[in-house]
Structure formats: C-alpha cells, structure tokens
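Colleague: how would this look folded up:
(chains A and B)
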2 protein chains.
Amino acid sequence: MAEDRVLRVRSLLDTVGAQGRTALTAPEGKVIANAYGIAVPGEELATDVEEAVAHAARFGGPVVMKIVSPEILHKTDAGGVRVGVEGAADVRAAFHEIVANAKAYDAGARIEGVQVQELLPQGQEVIVGAVTDPTFGKVVAFGLGGVLVEVLRDVTFRLAPLDADEALSMLDSIRSAEILRGVRGLPAVDRWAIAEQIRRVSRLVADFPEIAEVDLNPVIATPEGAMAADIRVILSDAPARQRRRYTRAEILTSMRRLMQPSSVAVIGASNEPGKIGNSVMRNLIDGGFSGEIHPVNPKADDILGRKAYKSVTDVPGEVDVAVFTIPAQRVAAALEEVGRKKIPNAVLIPSGFAETGEHELQAEIVAIAERHGTRLLGPNIYGYYSTWNDLCATFCTPYDVKGGVALTSQSGGIGMAILGFARTTRTGVSAIVGLGNKSDLDEDDLLTWFGEDPHTECIAMHLEDLKDGRAFVDAARATVPKKPVVVLKAGRTAAGARAAGSHTGALAGDDAVYDDILRQAGVIRAPGLNDMLEYARALPVLPAPKGDNVVIITGAGGSGVLLSDAVTDNGLSLMEIPPDLDASFRRFIPPFGAAGNPVDITGGEPPSTYEATIRLGLEDPRIHALVLGYWHTIVTPPMVFAELTARVVAEFRERGVEKPVVASLAGDVEVEEACQYLYERGVVAYPYTTEKPVAVLGAKYRWARAAERLRAAGSSAVAGDGRALGGGS
Amino acid sequence: MAEDRVLRVRSLLDTVGAQGRTALTAPEGKVIANAYGIAVPGEELATDVEEAVAHAARFGGPVVMKIVSPEILHKTDAGGVRVGVEGAADVRAAFHEIVANAKAYDAGARIEGVQVQELLPQGQEVIVGAVTDPTFGKVVAFGLGGVLVEVLRDVTFRLAPLDADEALSMLDSIRSAEILRGVRGLPAVDRWAIAEQIRRVSRLVADFPEIAEVDLNPVIATPEGAMAADIRVILSDAPARQRRRYTRAEILTSMRRLMQPSSVAVIGASNEPGKIGNSVMRNLIDGGFSGEIHPVNPKADDILGRKAYKSVTDVPGEVDVAVFTIPAQRVAAALEEVGRKKIPNAVLIPSGFAETGEHELQAEIVAIAERHGTRLLGPNIYGYYSTWNDLCATFCTPYDVKGGVALTSQSGGIGMAILGFARTTRTGVSAIVGLGNKSDLDEDDLLTWFGEDPHTECIAMHLEDLKDGRAFVDAARATVPKKPVVVLKAGRTAAGARAAGSHTGALAGDDAVYDDILRQAGVIRAPGLNDMLEYARALPVLPAPKGDNVVIITGAGGSGVLLSDAVTDNGLSLMEIPPDLDASFRRFIPPFGAAGNPVDITGGEPPSTYEATIRLGLEDPRIHALVLGYWHTIVTPPMVFAELTARVVAEFRERGVEKPVVASLAGDVEVEEACQYLYERGVVAYPYTTEKPVAVLGAKYRWARAAERLRAAGSSAVAGDGRALGGGS
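Modeller: Alright, predicted model coming up:
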C-alpha cells in the first residue's frame, strides 16, 4: 500500500519533471493528496443520476454539483452549479435540473456528467505546509490561518518526517494554541486530525526530495476533522547538496586522537618571536603538554630546544595532529605530506582561503584531505585547547583552569572573548576549539566527541551557520540526554526575506526554523554572547534539578520581588509553600518577615537566620532549587554569608542532597569576592544583578526538561544517566 | 453643549446611585453614549408606517425592524422581526407585514409600534474601554476584538482623557496594528472613527470619577466608520483616594534644602561604634561635608569632637535636614521638636513602621509632619548621598565619584547593590536616595528636583509601586525633554489577575498599564536591575544621537554579526551606506574585507586601519552613531585600540562633533583595562559582550526619540535644550 502510493506519486512527478514544470496543477495536487491520505474535498464524476446519489451518499454531507461539458466554460451562467445539496432526493433533483439547464443553455453541448464534490465545512482555518530549508532540509510548518499567521507570524516548524505525537506537539507550540482548544464559546477542534495532516505532509516531502514546498492553505479544522481546501505543490530542480558523511565510530576515532594526542607536529615551527609558528611551539611547551612535540621546518635543525624535521614525513613514529602555521599558498603541498604520513588530523591556522574569496584553494586542500582520509580543523582559526591534556595548540596564551565546559566558536574574535571571559571568571574548561571556515570538521563532529568525553559536562557553541543541520540535530539528540548543549546562533535577525514560491516558504525565515528545530533537539539557545559564556560557566557547576519547585530565600525584600520577576521570566515556577513548610520557615524569621515564597527573612538578620532557612530549603525534599537574595549588612557581612552558604551546601552534598543553589548578592564591593568564593564551591552567585542567577538556573531547567523529554521519547541511542528532572542521581 | 451632556449624565448617574446600583442598564448606557457622541446603533419607535420610513431614511443603511407590543414576548415566533430591510418601499412593506403577522399571532395584542434599529455593519471587531487603575486612575484601553485580545492580550493603554492624536497612536501600539491598515485583501478601516470613539470614552470617564469601567465590546470598524455594538458602564462607590499635593515651587524649595543643605542635625548621634547614629556621624564627617553637622543626643556633651545638643531645638541657627537614627518608638516625639524648629526635611532611617505592620505609628508621624510642614524621607531607608555636596547621610560608606546620574531605590537591598556597582565601575553619581516606605517624599518629588539639578544628567529609579502615578507622569513629562529617566519597575510579573467587572478590567494587569503609560511619559524602562545600573552608568557618558544612522565598524567578523543582531533587537537601524561612503571605507580596508554595514576591516589590521575608519565614521555627517567591534591581536593590542579610539573621539568632540560611540571588546583579560580606559573617556565599552554596548545605545536612542516626541507635542512646560535627535547641540 505504502509502496503503491510512492509509485503513483513517483510516476506523476516524473511526468511533470519531463515537462520541465515545477508547479503542479490542481488535479495533480489532488492525486498526491489522495495517495498520501491528505484530506481534501472528495470529488467524483457522476455519469448518471444514481451514480451522483451514490457519490453524495459516500461523502456523507452536503455537496457541490457542477456540470461537466467541454463546451460549457461558464458553468454558473449555464445554471450548471448547485451548492449545498444534501440527501438522495435533492441530489436527484439537482442532477436533472443541472443537465436540463445545460441542454437549454447549449443544445449542442456534450454532457459528460456531473461532478459531485464535498462541501468544505465551516471551521477554524489553519495552515499546514512544508519547505526545504537550506540548513535542515525538509521541514514542516503549522500555524493558524488568516491574520494570525500573516501578521503575527505565529507559526512553528519541525523536521520532516515526524510522528503523530510530534505533530501534535506543534499545535501547542504556537502562541495562539488556546484557540484550538476552544475559546469564546467556540468548540475545540479535532487536534489529532490536524496532527495527522501534518504527519502525512511530512511523509510526502521526506519520500520525494524533489518536492520543494507544500502548502495546505487553509486547512479547515472542526470538532469532527480537518480538511484542506487546497493543496499546492512546488518542485525543485536543484539537486540536493551531498556532503561526505563519516560514521560515528570514525568520528570518535579521529576526534580522540585530535583531543587526546600523543604526538603533535608543528608545520612551520619557528624560532622567531612574533611568528605564529613560534607562538604555537611556545604554547605547546609552556602549556605543559606531556606528549611528543615535533617542529617541522626545512630551514632549521633545532627549534626551542627540540629537533626540527625538514618534512613531516621525517618525523619518527605515529603523529596524531599536524598543526599548520605556514601561509595559505604552502598548505596544499604540506598537507600532501601529512596525508602520506597518515596523520588523521590537520589543524589549519592560516587564513587566506574561502573567507578571503579563495574558494578554489580551499576546495583543493579539502580534496587532498579526503583522498588521504585526513580530517581538517579550520582553516582560518586560532587553533584549539584540550586542557585536561595540557594542550594549547594556538597562537593565543595557555589556559590552565581544567573543568567541565567545552567551548567552540566559528569566529576567531568570539574565541578570544571566550578565552578572556574564562580567564577572568576562572571558568573550568575542558576544551576551546576554533572552527573557522569549517572546510571539514564542524559542530556535529565536535558534539559527537564531547558527548562521549568524560571530562566534558557541558558544551557551548557559537555558530553562524550549520553545514548540515540534520547531522547536528542527530548529534545533539544523542548528547542532550547526557549533558547540556548551549548554542549561540549569530545572525538571528539578518535572516529576513527569502525568495519563496509558497506561503509556508515566505514564513520560514532562517531564524524561525533554527529556533524551533534547535529547541526540539533539546539545545539551550543563548540569547547573546555574554549569556552563552555565563551558561557555559554555570551549567557544569549546578546540579540538575529534580523537580519544578523553586524557593526564594531573601534578606532583601526588594531583591525578592526582582528575583520573582526573573523566575517568571525564565519559565520557572515559585513553589506554593504547603502550610507545614510555611510554619517551619516562620519559626526562623521575625514576625514581620514574610514566609510564603519568597521567604523574606528581612534585612537585619544574623547569619544564623540565613543558615537555618537555607538548611530547611535543602532538607525538605519537596523543594528542588533555591534562589538566595543576600543583603549586605554589618550583622551578616558578605564573606560570612558566603562561608555559611558554601558550608551548608557542601554538607548536604556530602549527604547526597544535590539541589541547584543560585544567589544574588546586593551590597558594596565586598560582595564580588563573596560571589567568587561561592561560585568556586558550587553556588552560582552574582553581584549587582537579580537576573543572571535566575537566568542560568533557567537554562539548567531548560536542559533538564529537554533531557527528560528526549529520554522519554527514546529518541536517543544513548542511555540517559538519570541526572535530570525525575532522574535518580 | 458639552455642559448639557454633563448635566444629562450627572442626573442619570445620580438616579442610579440613589438606587444603590453599580451596573447601568442597556437603555441607560445608550443615554450616556448619545450624550458623549459614542456611536451605537440608532433606534427609534415608529408608531405608523411613514414614521418607520423616515427613521430608516435617517439611519441611511439597512435596518432591523421589530414589533413592539407588551403582549408579544417572542417576537420572532410572531413573525414580528425583519432584518436588513432597506429602502422606503421595503420598509413600508415590512411594517405592514410585521403588524399583520402580530395581529394574526395574537389578535388581542396591543401594538405600540415598530422599532426601527440601525443594522450593525460587517467589519473588524475592536474593543475600546476604560478602567480605573489603582496607580494611574482613569485609563483607556484599545485592542482588536475576538481571539487576538483574549488569547494574545494584544491591548494598549493610555491615561484618560486624551486627545485625538494620542488616541490614534493607540491603533499603532498593538502588535496586530497592521490588520487595521488592511491585510489579505481586506480594506483598511476608518482609523479616525475608532480614535474618536476612544477619545469620547476617555472624556466620559474623566468627567465622571464614579464611572469605574466602560466597555465598548465590540466596536465594529469599517472603512466608513466605527460603531459600538454595545456599551457597558460600571460605577464605583469607592471614593477616590486623596493625597496631599505640593506645588512645584514648594517641592523645589524643600528638595533644594535636602540635597544642598548648609546645616544637618543627627538625631540619635552616638560615639559608640556599630550604632547607626555613629555610622551616620562618621560618614558625614569622613565624606567631607563642608556645612554644619550637629549631633543631637541628650546623654552626651560631645560626639566625634563636635558639641552635642540635648534636643534639636537647642541647635543654633537654621537647620535644613534632621537625620533620624533613633528607634521607631522615639521618632514621633523627636519629630515634634524638628517641626517646632521649622526644619523642612526629616530623613527617617529607622525601620519598624508600615513595613513591619506598624501602620498606625507611621500614620502618626505623617500627621505630625503635615502639621509642621516638615517633609519626610523614609522611614526604613539607608539614607541618602548628595555627592556634589560631599554629603553622605547614610550608615553605609561614603561615595566620592561625582558625576551625572541620580539613583533612587525603594528597597535598601537594591540601594546597596547600587552603591557596590557604582563603586566597582566608578560610575559618576550626583545622588543616591533611599525611599523606603515613601510615607511622604516619593519619586515624583525627587524627579522634579533632579530635573532642575544642573549636576544631574540622568535619573534612574528602582520602584515597586507609585503612590500617585499621575504626579509621576507629570514630573516625567517635564523632565524627559531635558534628561533621560530610567525606571526599573519591580513586581512586573506578580501582577496577575485583579477582580474586575468588565472585559477591559480583566485585561488591565498592573504591568501592562505601567508599561504603556511609562512609555508614553517618555520613561526608559530597564528590564532588570543590572540593565538599570548599566543605563545609569552609560547614559550620562553618551552624547545624544542626532539621527537614526548607526554604523558598525568591526575587526572581528563574528562580532559584527552579533552586533547586527543586537542593533535589530534594540530597535535601531543599520545605516544603508551610500555608494560614495562605501567607496571611502573601502579605501582603508583589505580587498577581502567587507564594506557595507557592518564595515568589516578584518582581524589582522594595524591600529591605522581602526583609526582611519573611525575617523571617517565621525567625520561623515550622514552617520549618527558608531558601534565598534574590537578583536584582540598582536598587531593592535587592547590598550593601543583604546588609546587611539579615545584620542580620535576626543579630537572630534573638541571640534564640536559629538556622536555616541560604543564598543564591544573581544579578547583576553587585557580588554578589561581597555574598556575602563575608554569608558572614562566617553566611549561606552564592554568586554565579552556584544549585547550591552548596543543595549545602552538603544536606551539612549529610546530617550532621544521620547524627548523629541514630548518636545514636539509641546506637552512639557519646560523648553527642550535641543540635545537629542534632530536637535542642535
């Protein structure tokens, strides 16, 4: 059956293609709709009155009846149309009347019969469609019809194909979702029927790559079903781009040697300070890399006290990584040697390739690398750090704070911002990788590796585009159940208009598609550079929350109000404190303080009040996350607060109670030291802001919810480790 | 005429009030609508056929005709209703038919006539209403009818009464504004007719304080007009709260003595370290206050080397400010003495009043102060700073970086965050003021003063509520044409549901009303605490932009993309570079760099490239603001970039060319020093973020546009000084 439908559509598309057309006619669209079970108004030709009655009976509701005659073009003028005919008697009468009218209108007309067509019901207009996204390929779209989708662009996207559950989730992903559930006395529509239309469209475009766009606009949704008024199909004659794919095992093998090398060669190593080949050598040595470091330079015997080789082919033993620090023009020849030496990774620092318009030069090195099976990082990058291996293969300066976050950047400038931020905040890092032109290795390769790397607890990526959105989504879905993936997608607003032949196409601005699909893949999207950096710093520090109950404990009432705003802004929910817990909090706070949530212990309280309430917050299993608001006073100075909070949190963590605790410190400059002290002890704390601590907690929650969803969907081949919401940790 | 309508409505409301009702009947609503020219369907009773023809002719379009008979309740059943009757002949026929049907239905029925009612046209449903807001009093609301307003809460608010232009601006303040201009082939509606309905409703609620809520729901808007299907009016029996108002002259006189005092008394001054009365004395002395400082303490002869007085009444000469550092219970008695001494300002540091439930105690001191004409700051505050007078009347520590921003906070915790942030960033401050319980002095008093204070160039206020929203709006409208007013309104999201008898009432969540009305008053709303602090630091540093053309000059392509995102996010527009200017930029940058906007000078460029392009950006009068993206390289290290940028900007400022310049520095930790260097020289620069520099530029633009709008509207009694967009500076 399924195969049959594919054959029917294949044959139709081949015919259309042979005619050099890209737009399908309405009857062709109907053939496709029927083949894929996409509900459109049924229509049949009745050559006699009993056939008309039978067709109408099968459609079940009122029908439209129209004369079919090659001689009669203006059917209405000929009295050849009847709308809303229902019941055998009326159909019969209408048939006779239409035929009689037609004969009266043109006695010579050949009457081929009467077309009987289902009448579209009254209902809620929605739009279902599919487009071919340059990054993600086939995606389906759903929105409410009419002004909502046109003026407010209230539309949502998913990768095609999708299953019925995922299709159903689209109905709740639009801002006006409530309308489908019935408002203002209108009935709820049949949600499953709409989801089924989406699913079938997604199947259709997945089966036929040459279908570029599909519009069902509008689909009329009623409490009884959903029917498309019209189907519009547009073909593409552009061949789909093909990209060489590596298996997961291949990626992990080469990435392991890149990130955990035993032997590194530096092509273009130099004794001359100021040269990149000198900086890289120096950083490898100063960074404390314990593997072999082999300088390659035809004009030197010794570089920084190490034997230099004329060619990389002269280097003894296996080499894992060749770092290139030579000008672009000389890369191809040296890469040939790297390939012959069977070195699996070439790190191409030099610029002067595609980014300066030298596309052919870049294509040449890619071809060489593919021939030898060497993978390329770059070109046009600052290099990379693998801190747990004390590896600094960059022209920047070494970075030695080992920790849980792996950061990547497409741009060198952003890479420098990552380094500076990490250094000033002492962010614990497992790797920093420049991706530059992404001639070969890209985000999905890195994500695949970092997902497995035991040192990496969180991955944060700056990117401007994805070479292969599907591969990235696959890698993200495999990684997110284990650890958070943060993405800063630059170029959000530049997207703008794209030439499109369909309605859905016009709605699919790049960023709208990125946003929906990254969210579905469980990726945490950072709204800006600083947010990405803060998430990267905080997420590995915070334990995963095990439930939704957030409690604010604050010494400053004013901070409590702002922290509550931030909780709501970040999609978190303030726990409704049960009476017994309320009573417990009240025991510790002054009578004019406020229990409830925020728990306002008031400003003049001693350290013991902070300690008692934080203890209670950690102790009570109904509370899942704490947001602390500290107010600098003489009674409880900043470092006293920091020390007691860190001590209590550590004590509970030792007892196995791990809850995320974040803090906002309002006070004079001493609070900065207190925040650093707390951060280093697992309490994410910020001075002079009530927004940031809650924003990073919100990011951790977004990850925990996505991880839970992906695990539940079983969409990942990798078993979750149960660290997030509802997990066992 | 206007007086006549007031009399008619007054008489009607008095009658309703006498009956103890708060909801008006439909006919009563119609009387009010007619009195105020609010278009509702016309209806008249016709006792004979020619009267019916005349009524229908006057209404002009199709009408509804209904039998009027006390015996006939079910008019339709009786054949007594005709819809859409048009033209004299049809009206005549329908009249006869209705009467005949009625007689046939019930021969005994008394026929009083036929009601002729205008038929509501088909059109776009909108909603117009008015509510009584607890903060701002009478406000009008406008939104699209149906699901848009109900599901998406797409509604906007203004103070009532308003003029037609302001009413018209409401139509563009909703997200779905485009719909009213005609979409999907639908015609545009008569915008002035809608605006006129809004204006009339606003006049009605302004004229009658007891009208709590008005709903015109829906109003049917067509290309030809706008007519309310229905008017609903709800009265309130709660008397409006009265607050003692001071004249502008009175406020300025007492505020000047508060902020520029010659003599300060400290009630409760103490020699005992750790006491607030000791801290305040010490801070006044250590802060360098050059006026008189008089300790008051009945138990001491000398405090910190100064003669102490038993009572404030013993202090010689005039005293401008009495700072209270005694427990709440003793405040009333001391305040009596302060009043008798005719001291105009009492600064009440102690807590223990309304915030701990001691409302009576607070009311008592307010009454004492009012009797003596003494104004109160607080109670429950940290005190205040007036830096240009070297005055630190707080228990915190002195602050000595004089500058242009005045900051106020309702909460003490937020006050401490202000102090710490200002100190660590070296923010130039003119004043920091704690407002606490706001028993008397509040934001509008302070705004009135800071608007006139020549040292203050920007005012930033943290607030949780406004005692008198109208007074605040008046003060803001008078101030904004001269200097920016930033507000952090806490408690945004807590608003939630309020009991409301009307549709409009249910839509008027506190925050929605605050947001619209503060924006109309020209206030820049900060989304969070840290934003408020950054705006406060940056706005006095940045010159006002004189036009909309923003140009990004960047060494890091990656920063350029993110800065472009930020420009769009903040409602700014990237200049379209004209060909001659493009050519000029291209002369300075490598061939593979990108002119256009961002101008991408590429990463490896020397200082001269940054300098040449920045010079061009400042020189060309078509460019109004510069956003710089710096990338840390060996060729142009951070301090080299900072020095050259500051030098060039200073050179142009000396030549009278003042444009706002902001910068994002991507690099290793040395960029932090470079940012501080730049900031101190008038270039607002941040490390590790592309968002903040553009966000503060966006805030400056929002102010400049608001200032221009308010000046153009002539709504301020204070002449603008021409510093903003389009001004002359």
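
Colleague: for the nearest residue to A:Arg10 once chain neighbours are set aside, give me its contacts.
Modeller: Distances taken as Cβ to Cβ, 6 or more residues apart in numbering or on different chains place A:Phe208 nearest to A:Arg10, at 7.6 Å, with adjacent residues excluded. Where C-beta positions appear, they are placed from N, C-alpha and C, glycine not excepted. Residues near A:Phe208 by Cβ atoms under 8 Å, 6 or more residues apart in numbering or on different chains: A:9-10, A:13.

Colleague: state the helix or strand in which A:Ile293 lies.
Modeller: Element membership for A:Ile293 (DSSP states H and E) is strand A:292-296.

Colleague: tell me what that strand is packed against?
Modeller: The helices and strands touching strand A:292-296, judged by 3 or more Cβ pairs under 8 Å, 6 or more residues apart in numbering or on different chains; DSSP states H and E, are strand A:263-267, helix A:276-286, strand A:306-307.

Colleague: which of these sits most buried?
Modeller: strand A:263-267 (a mean of 26; mean count of other Cβ atoms under 10 Å in any protein chain shown).

Colleague: list the strands paired with that strand, with their directions.
Modeller: Sheet pairing of strand A:263-267 (DSSP bridges) gives strand A:292-296 (parallel), strand A:321-324 (parallel).

Colleague: mean confidence score for that strand?
Modeller: For strand A:263-267, mean pLDDT rounds to 98.

Colleague: re the thing from before, just the buried members of the contacts of A:Phe208?
Modeller: A:9, A:13 (16 or more other Cβ atoms under 10 Å in any protein chain shown).

Colleague: which one of the contacts of A:Phe208 is nearest to A:Gly373?
Modeller: Looking at the contacts of A:Phe208 and their distance to A:Gly373, the nearest is A:Arg10, at 36.6 Å (Cβ to Cβ).

Colleague: how about the secondary structure of that closest one?
Modeller: Look at A:Arg10: counting by DSSP: H, G, I helix; E, B strand; the rest coil, its state is helix.

Colleague: do the same with A:Glu611
Modeller: Relying on three-state DSSP, one would call A:Glu611 helix.

Colleague: hang on, A:Gly491 packs against B:Val561?
Modeller: Yes: applying Cβ atoms under 8 Å as the test, A:Gly491 and B:Val561 come out as touching, 5.0 Å apart.

Colleague: of those two, who's got more company?
Modeller: B:Val561 (28 against 18; other Cβ atoms under 10 Å in any protein chain shown).

Colleague: okay, and the more buried one sits in which element?
Modeller: Assigned by DSSP H and E, B:Val561 falls within helix B:557-569.

Colleague: and the contacts of the helix or strand following that helix?
Modeller: Next helix or strand after helix B:557-569 toward the C-terminus (DSSP H and E): strand B:573-574. Identification of contacts with strand B:573-574 by Cβ under 8 Å, 6+ apart yields B:548-552, B:564, B:567-568, B:597-598.

Colleague: and the residues you listed, which of them are buried?
Modeller: B:549-552, B:564, B:567-568, B:597-598.

Colleague: against chain A, which of the residues you listed make the cut? List them.
Modeller: Among the buried ones among the contacts of strand B:573-574, the residues within reach of chain A (Cβ under 8 Å from any Cβ of the partner chain) are B:564, B:568.

Colleague: just put the buried ones among the contacts of strand B:573-574 in a markdown table and tack on pLDDT.
Modeller: A markdown table is the format used below for the buried ones among the contacts of strand B:573-574 (pLDDT from 0 to 100):
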| residue | pLDDT |
| --- | --- |
| B:Asn549 | 97 |
| B:Val550 | 97 |
| B:Val551 | 97 |
| B:Ile552 | 96 |
| B:Ser564 | 92 |
| B:Val567 | 95 |
| B:Thr568 | 91 |
| B:Asn597 | 91 |
| B:Pro598 | 91 |
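
Colleague: so can I have JSON lines of the buried ones among the contacts of strand B:573-574 showing distance to A:Leu162?
Modeller: Shown next, in JSON lines, are the buried ones among the contacts of strand B:573-574 (distance: Cβ to Cβ, whole Å):
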{"residue": "B:Asn549", "distance to A:Leu162": "45"}
{"residue": "B:Val550", "distance to A:Leu162": "41"}
{"residue": "B:Val551", "distance to A:Leu162": "44"}
{"residue": "B:Ile552", "distance to A:Leu162": "39"}
{"residue": "B:Ser564", "distance to A:Leu162": "33"}
{"residue": "B:Val567", "distance to A:Leu162": "35"}
{"residue": "B:Thr568", "distance to A:Leu162": "31"}
{"residue": "B:Asn597", "distance to A:Leu162": "39"}
{"residue": "B:Pro598", "distance to A:Leu162": "38"}
